[in-house]
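Student: Please find the sequence and the predicted model below.
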Amino acid sequence: MKKDAWEKLCSGCGLCCHEKVITENLLLIDTSSACEFYDSESRLCTVYDRRFEKCPRCLKMTLFRAMFADYLPPTCGYVRWARAHHIRLCREKECVLENGILSFVDDSSH
């Protein structure tokens with residue numbers, strides 16, 4: 001897949017631009033603490049073309065990450081693409097929003 005087509009898979013949720021805490025069966029995303037380059041109105045990165053230079057915490061979305069990263073929510077366009085192609089290999093998570101904290105809980109732990 002060409003780079004432009006791959007990047008167009010992004011659903012623009014912005015969750016990857018927020019602070020995350022990952023444990024074995026729980027992922028917490030603080031929706032009130034985004035990267036300084038994230039524009040909450042447009043839900044876009046203001047330095048997108050230079051994001052890896054400007055923000056060392058920014059991670060390139062790769063096929064490998066789309067397949068395995070537990071921190072990507074089910075609404076992520078890359079996750080949906082990986083599932084549609086039957087290559088999503090990490091566990092499903094249940095989504096909970098409480099007090100500005102978006103939680104994804106491993107559904108196999110219930």
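Tutor: On my side now, so go ahead.

Student: rest of the way, CA atoms for contacts and neighbours
Tutor: Noted.

Student: for the top strand by length along the chain, what is the average pLDDT?
Tutor: Scanning the chain for the strand with the most residues, using DSSP state E, yields strand 26-34. For strand 26-34, mean pLDDT rounds to 73.

Student: now do stretch 9-21
Tutor: 80.

Student: So what's the gap between that stretch and the chain middle?
Tutor: 4 Å (C-alpha atoms, centre = their mean, to the nearest Å).

Student: And for stretch 4-23?
Tutor: For stretch 4-23 - counting by C-alpha atoms, centre = their mean - the centre lies 3 Å from the chain centre.

Student: Okay, buried residues for it please.
Tutor: For stretch 4-23, burial by neighbour count (16 or more other C-alpha atoms under 10 Å) applies to Cys10, Gly14, Leu15, Cys16, Cys17, His18, Lys20.

Student: Export those residues to TSV and append columns for secondary structure.
Tutor: Shown next, in TSV, are those (DSSP: H, G, I helix; E, B strand; the rest coil):
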residue	secondary structure
Cys10	coil
Gly14	coil
Leu15	helix
Cys16	helix
Cys17	helix
His18	strand
Lys20	strand
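
Student: farthest pair in the residues you listed?
Tutor: Maximum pairwise distance in the buried residues of stretch 4-23, criterion C-alpha to C-alpha, is 18.6 Å, between Cys10 and Lys20.

Student: follow-up on the earlier one: mind saving the C-alpha coords of the longest strand of the chain as CSV?
Tutor: Output of strand 26-34 as CSV, limited to C-alpha atoms (Å, rounded to 0.1, in the frame of the first residue of the first chain):
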residue,chain,number,x,y,z
LEU,A,26,-6.1,-2.1,31.0
LEU,A,27,-5.4,0.9,28.8
LEU,A,28,-6.1,4.4,30.1
ILE,A,29,-6.1,7.4,27.8
ASP,A,30,-6.3,10.8,29.4
THR,A,31,-8.5,12.8,27.0
SER,A,32,-7.7,16.0,28.8
SER,A,33,-3.9,15.8,28.1
ALA,A,34,-3.1,15.8,24.5
